[in-house]
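Q: Output the structure for:
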Amino acid sequence: MGYFIGYHGTSSVFAEKILRTNFIVDHTKVGWLGTGIYLFEENQELARSWANYKYSNSKKGVIRCEIEIAEEEVFDVVDPLGEHNKFFHAVRKQLIEQEIKKRNLQLRAKNRKDFDGKTYNFICKAKGFKLVRAATYTYQDYDRIFGWNSRVPNGVELCVKDINCIKNKQLV
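A: Residues are numbered from 1 along each chain as shown. Sure thing, here's the model as predicted:
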């Protein structure tokens, strides 16, 4: 059994609602790791930074989540040389070269970033993965001010596809 601690940054209003009810997955939104609930693994500060950016005009909330999941249900692409990473790129290539060109698969993306998310969704649905784990870069205030981007990860993000994997939640 795999065990993760993740932090979700949001507004205090949303945080209170999530604690009262639960997370709700918006299936119309596709992030770069696909559709799901996004958390920063073991990194409360990145969650707070994200909340400060996303909800700049309101009070912030950070929720600590404990995630329990079978190891075979985790699609882990943190290691660029790992098997899951290689599999992702093989599937992505196949979707681009074969399926999309033939138009046999209804997999369209609004932009290039969205395509990776759609690829993760495709893999997770086909193989039964309930969580994607990836090293990512979360923009900081200084990045936004100067318009600089980095491709060097500053954290690990978790995209939880099945909210039943989230066992405990608390406001921090």
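Q: For the spatially most central residue of the chain, which residues are in contact?
A: Taking Cα atoms, centre = their mean, the centroid of the chain lies closest to residue 159, which sits 3.2 Å from it. Contacts for residue 159 (Cβ atoms under 8 Å, 6 or more residues apart in numbering) come out as 31, 33-38, 120, 131-134. Placement of C-beta: from N, CA and C, glycine included.
Q: Going along the chain from the helix or strand of the chain with the lowest mean pLDDT, find the next helix or strand for me.
A: Least confident element among the helices and strands of the chain, by mean pLDDT, DSSP states H and E: helix 101-102 (a mean of 68). Going down the chain from helix 101-102, the next helix or strand is helix 112-127, by DSSP states H and E.
Q: What average pLDDT does the helix or strand just after that following helix get?
A: Downstream of helix 112-127, the next assigned helix or strand under DSSP H and E is strand 131-136. What strand 131-136 shows for mean pLDDT is 97.
Q: Which strands or helices does strand 131-136 pack on?
A: strand 74-76, strand 155-160 (3 or more Cβ pairs under 8 Å, 6 or more residues apart in numbering; DSSP states H and E).
Q: which stretches of the chain have low pLDDT?
A: Applying pLDDT under 70 to the chain picks out residues 99-113.
Q: now the helices for it?
A: Under the criterion DSSP state H, helices of the chain are mapped to 12-20, 44-54, 83-94, 101-102, 112-127, 141-146.
Q: for these, which one sits closest to residue 154?
A: Closest to residue 154 of the helices of the chain, according to Cβ to Cβ: helix 44-54, at 7.2 Å.
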